[in-house]
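A.B. asks: Any chance you could fold what I've pasted below:
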Amino acid sequence: QVQLVESGGGLVQAGGSLRLSCAASGRTFSSYAMAWFRRGPGKEREFVAAIRWTGGSTVYGDSVKGRFTISRDYAKNTVYLQMNSLKSEDTAVYYCAASERYYGVSYGPYEYWGQGTQVTVSS
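C.D. replies: Below you'll find the model as predicted:
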């Protein structure tokens, strides 16, 4: 079993930056991919970014390309989401997800999920 715990959310002004962290515990992750999704108020769940744990290839949602960066730290079993140039439309609960078989943009195949961390961007 894998447990995911997000942190780093908060309130920030438009144009500012935040870094989210997702610490994973339980089974080893060498074969896992990890991702970030978000759900804004009144919106559907949206793919943000994903990273393949081995090799480090990444993919981003169109709305965050060029502003957000996903990365991972093997030693800490942690994935990060650096968010720059934040906009009010980035306001959402951000969820970390992990999969041992899938790397991509769909939320269905990710087996493990964190509880979420709130990000609020004020304009």
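
A.B. asks: before we move on, what SS does the closest residue to residue 71 other than its chain neighbours have?
C.D. replies: Once flanking residues are discounted, residue 71 sits nearest to residue 80: 4.9 Å by CB to CB, 6 or more residues apart in numbering. (Glycine included, C-beta is placed from N, CA and C.) Secondary structure assignment for residue 80 (DSSP: H, G, I helix; E, B strand; the rest coil): strand.

A.B. asks: how far away is residue 80 from residue 118?
C.D. replies: With distances taken as CB to CB, to the nearest Å, residue 80 is found 17 Å from residue 118.

A.B. asks: The two: who's more crowded?
C.D. replies: Remark: of residue 80 and residue 118, residue 80 carries more neighbours, 18 against 12, as counted by other CB atoms under 10 Å.

A.B. asks: Which strand residues bridge that one?
C.D. replies: When bridges are called by DSSP bridges, residue 80 pairs up with residue 21, residue 71.

A.B. asks: ok, now which ones touch it?
C.D. replies: Going by CB atoms under 8 Å, 6 or more residues apart in numbering, residue 80 touches 19, 20, 21, 22, 70, 71, 72, 73.

A.B. asks: I'm done for today, thanks for sticking with me.
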